[in-house]
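> Okay, here's the prediction I keep looking at, along with the sequence it came from:
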Amino acid sequence: MTIDWLEISKRLIRADRAKAKCCPRWQRFGSPDAPPPLSEAEVREAEEQLGITFPEEYRHHLLFHSAGGQPNRLHRSAAGWGWEGDTSTDLHLLSTPFPHPDSYVERENELDDREPREEDFPDIASRQAAWKAWDDEYGVLQDHKTSGAVCIAEHGCGFATLLAVTGPYRGTMWFDGRATCDLILPLTLEDRPLTFAEWIGRHSMDLVRW
């Protein structure tokens, strides 16, 4: 039986929208129970620690609306500044420019072509060593795909909305659908990249062009 991963992805998106209608008030942007805004000093401290300057619209949201709400909450923990509940963002790569997905297609194809094959190795030890080296290299590429981006909202099942914070796409929104379709897709509105301010108050995945 062939599994239609794209159809499964769409079903998960519809379920996410339905779930959002009954989510707790504190999770919604604009709710009186949403986390309070941050001070200018706190935002500057977070930027300095993370090694970036937040895009203007996101910075405005933090200062005048909320530290979270619909986006993951930005807060200071014992480990320093980060996003509450975010297990995806690599803080060490935030200052590296976010790459357009087209920029690494050739590299990924080349890696796929070099995937170790069992028949190419005389014994298990050499095969395992080759596989580990290849897998480590592939993992670096996967990390690179979201460099310079913050996981601003997680939707479950490996889906997430990203905010590019560095590079030429700084301030634009992206959908990480690698869990099923192996793609990171731009969120668009009228055939142009969606900004953070336009994303707020919407369901980000409604704007994915499948």
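Nice, thanks for sending it over. Numbering: from 1, shown residues only.
> what's the average pLDDT for stretch 177-191?
The average pLDDT for stretch 177-191 rounds to 89.
> From the chain's centroid, how far away is that stretch?
Chain-centre distance of stretch 177-191: 11 Å, with C-alpha atoms, centre = their mean, to the nearest Å.
> try stretch 38-53
On C-alpha atoms, centre = their mean, the centre of stretch 38-53 falls 20 Å from that of its chain.
> same deal with stretch 191-201?
With C-alpha atoms, centre = their mean, you get 15 Å for stretch 191-201.
> buried set for it?
In terms of neighbour count (16 or more other C-beta atoms under 10 Å), stretch 191-201 has its buried residues at Leu194, Thr195, Phe196, Glu198, Trp199, Ile200. Every C-beta, even on glycine, is put in place using the N, C-alpha and C of the backbone.
> Throw the residues you listed into TSV and include secondary structure, thanks.
Output for these, formatted as TSV (DSSP: H, G, I helix; E, B strand; the rest coil):
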residue	secondary structure
Leu194	coil
Thr195	strand
Phe196	helix
Glu198	helix
Trp199	helix
Ile200	coil
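> Lowest pLDDT pick from those residues?
Ile200 (86).
> Surely that one is in contact with Gln70?
Yes: in this structure Ile200 lies within contact range of Gln70 using C-beta atoms under 8 Å: 6.3 Å.
> residues touching Ala129, list them.
Applying C-beta atoms under 8 Å, 6 or more residues apart in numbering to Ala129 gives no contacts.
> how far away is Ser183 from Val105?
Residue 183: Leu, not Ser. 10 Å (C-beta to C-beta, to the nearest Å).
> quick one, which of those two is more surrounded?
Leu183 (14 against 10; other C-beta atoms under 10 Å).
> which residues sit in contact with that one?
By C-beta under 8 Å, 6+ apart, the neighbours of Leu183 are Pro101, Gly177.
> The residue sitting furthest away from the middle of the chain and Lys132, how far apart?
In the chain, the greatest distance from the average C-alpha position (C-alpha atoms, centre = their mean) is reached by Pro122, at 40.6 Å. Remark: distance between Pro122 and Lys132 (C-beta to C-beta) = 17 Å.
> Okay, buried residues for the biggest strand by length in the chain please.
Using DSSP state E, we find that the single longest strand of the chain is strand 149-156. Of all the residues in strand 149-156, those buried under the rule 16+ other C-beta under 10 Å are Ala149, Val150, Cys151, Ile152, Ala153, Glu154, His155.
> Okay, now the sheet partners of the helix or strand just after that strand, with direction.
Counting by DSSP states H and E, the next helix or strand C-terminal to strand 149-156 is strand 159-164. Using DSSP bridges, strand 159-164 pairs in its sheet with strand 149-156 (antiparallel), strand 173-176 (antiparallel).
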